[in-house]
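**Q** Got a predicted model here, sequence first, then my questions.
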Amino acid sequence: MKRMGAYISIAVAVVAIALLVVQVSRKQWQKNADMDAVDKALPVTIAAVAPYEFTDEINAVGTLKARETSLLSPKVAGTVNRVLVDIGDRVKAGEVVIKLDRTDFDLGVKQAQAALAAVQAAIPQADARFEQAEKEYRRTIELLEEKVIPQNCFDAVEAAFKAAKEMDSSVRARHERAEAAFSAALEHLKDASIRSPITGTVVERDVEIGQAVAPGSRLLRIVDQTSLKLDVDLPESDIGRLAVGVTAIITADAFPGHEFSGKVTVVNPMVKRKTRTFRVRIEVPSPSGKLVDGMFARVKLSAVRILRDKKADHIRLEMRRAFLVVGKAEKNIEAAEGALNTAKGAYRREMVGYRAGEGANTDVLDLRTALSRAEANHTQALFDYNVALTALHRAVGEMVAEQADIKEKESVE
């Protein structure tokens, strides 16, 4: 019976193993079939490896500013007689836009002209008297030398000569002042007609007919919006990626879907210490007049492509080092300034006590030595900062020049 039970157990085990082998074989067969289906459904395309240039963009926002702005104010005081323009009107440079009452200015010109004429009439008489007195004076000198006339006669003639000379000089000085007054009166009369200094559009009007105005009071605001400026602040990491002439795409919420083309005209090579940003100016032509002063705008800049070659990598490395050195130098300046202020305070306090008889001479000398050392450290820190800043500017200049060279080579190719 025991042998029979063993046979039955062996038979059951063999059957279980056979079923397991069949199940594993079926799964392997299904897996192979699925892989074949995938290979048939997803064909593979082989291509050669080639470089691909991705678009490198920098985004920023800012406020548009008119190309030129003129806050028009009178040069002379007066009463407004006519206002020839209103908000929205186009004006040309030199065009009369406001006229003041000319009555007082016309009267001033006439009075100055009359005073000038009177002085001009007095000049010939003064010249004749001076010439006559001069002749008499020279003749009297000869007579006095020959002892023909007494000294008192000579003194009287000399006094008359000096008086005639002073009178002639006074008349000529009055003539110069009268000419200046006449010229000023004519200029004031001219200034009674207020002209626009630029070609543009009137956007503000703060003047009415009959209003009394004075120099400095703003009457009109005129802007030239044929092109606009957009100043944006960018992080210092982008300073080597931009150059003058880079294309800029400007969009405004007022014109959704419309893009305006501009160019970078200024890249400030200085990084602000507090914000770690630098300023870029973009000019945007707007001949249609859609873009206006004060409008919020978004700008997209096409950054200069930086090639991964040894020279560009070296320049980038130098820029990073320069940024780190400048940052370290700034911290050293702050520490040196703190130490210098502390040394100055300690020295002043000790000197107050020393003068009052409460301090020792050795303490004063020690603090003076410490103050001199702090001053030297502060001077050295400033020098190190200037050296680091110069190195940074040089690295930035090299990067800009390298990118310009790359761009020129690409255009030639």
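**A** All right, it came through fine.
**Q** In this protein, mark out all the helices, start to finish.
**A** Assigned by DSSP state H, the chain shows helices spanning 2-41, 103-145, 151-191, 310-355, 361-412.
**Q** for the chain, what are the low-confidence residue spans?
**A** 1-55, 304-317, 319-320, 350-364, 399-400, 402-413 (pLDDT under 70).
**Q** Quickly list the domain ranges of the protein.
**A** 102-191, 216-302, 310-412 (automatic domain parsing).
**Q** Thr226 is in contact with Glu68, correct?
**A** No - the criterion here is C-beta atoms under 8 Å, and Glu68 misses it with Thr226 at 9.3 Å. All C-beta atoms are positioned from the backbone trio N, CA, C, and that covers glycine.
**Q** separation between the closest residue to Thr201 other than its chain neighbours and Ile98?
**A** Counting by C-beta to C-beta, 6 or more residues apart in numbering, the nearest residue to Thr201 once its immediate chain neighbours are dropped is Arg90, at 5.6 Å. The gap separating Arg90 from Ile98 is 16 Å, by C-beta to C-beta, to the nearest Å.
**Q** higher neighbour count, those two?
**A** The neighbour comparison of Arg90 against Ile98 (other C-beta atoms under 10 Å) goes to Ile98, with 24 against 12.
**Q** quick revisit: could you dump the domains of the chain into a markdown table and include distance to Asn81?
**A** Shown next, in a markdown table, are the domains of the chain (distance: least, C-beta to C-beta, whole Å):
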| stretch | distance to Asn81 |
| --- | --- |
| domain 102-191 | 8 |
| domain 216-302 | 13 |
| domain 310-412 | 56 |
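**Q** Out of those, which is closest to Gly62?
**A** domain 216-302 (4.4 Å; C-beta to C-beta).
**Q** ok, now which ones touch Arg205?
**A** Going by C-beta atoms under 8 Å, 6 or more residues apart in numbering, Arg205 touches Val83, Val85, Asp86, Ile87, Leu219, Leu220.
**Q** wait, the last one sits on Val202?
**A** Yes - between Leu220 and Val202 a contact is recorded at 5.8 Å, counting by C-beta under 8 Å.
**Q** Residues in contact with both of those two, list them for me.
**A** Shared contacts of Leu220 and Val202, defined by C-beta under 8 Å, 6+ apart, comprise Val85, Val97.
**Q** State the distance from the residue nearest to Leu392 when sequence neighbours are not counted to Ala252.
**A** Distance criterion C-beta to C-beta, 6+ apart; nearest residue to Leu392, sequence neighbours excluded, is Ala322 at 3.9 Å. Between Ala322 and Ala252 the computed distance is 37 Å (C-beta to C-beta).
**Q** Could you tell me which residues make contact with Arg195?
**A** The neighbourhood of Arg195, defined by C-beta under 8 Å, 6+ apart, consists of Gly94, Glu95, Val96, Val97.
**Q** Please enumerate the strands of the stretch 151-300 of the chain.
**A** Taking DSSP state E, counting those that start in this stretch to define them, one finds strands in the stretch 151-300 of the chain at 193-195, 200-205, 212-213, 220-235, 247-251, 260-267, 277-285, 296-302.
**Q** Next, format these as TSV and append distance to Val171.
**A** Converted to TSV, the strands of the stretch 151-300 of the chain look like this (distance: least, C-beta to C-beta, whole Å):
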stretch	distance to Val171
strand 193-195	35
strand 200-205	49
strand 212-213	39
strand 220-235	45
strand 247-251	67
strand 260-267	58
strand 277-285	59
strand 296-302	66
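**Q** Any idea which of the ones you listed gets closest to Leu186?
**A** Closest among the strands of the stretch 151-300 of the chain, using C-beta to C-beta: strand 193-195, at 12.5 Å.
**Q** Paired strands for the closest one, with orientation please.
**A** Here strand 193-195 has these sheet partners by DSSP bridges: strand 96-100 (antiparallel).
**Q** now the partner strand against strand 220-235, angle please.
**A** Relative orientation of strand 96-100 and strand 220-235, computed by axes from the mean of the first three to the mean of the last three C-alpha atoms, to 10 degrees: 130 degrees.
**Q** in strand 96-100, what counts as buried?
**A** Under the neighbour-count criterion of 16 or more other C-beta atoms under 10 Å, strand 96-100 has Val97, Ile98, Lys99, Leu100 buried.
**Q** okay if I get those as JSON lines plus distance to Lys290?
**A** Below are the buried residues of strand 96-100 laid out as JSON lines (distance: C-beta to C-beta, whole Å):
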{"residue": "Val97", "distance to Lys290": "25"}
{"residue": "Ile98", "distance to Lys290": "29"}
{"residue": "Lys99", "distance to Lys290": "33"}
{"residue": "Leu100", "distance to Lys290": "36"}
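**Q** If anything else comes up later, I'll come back, but that's it for now.
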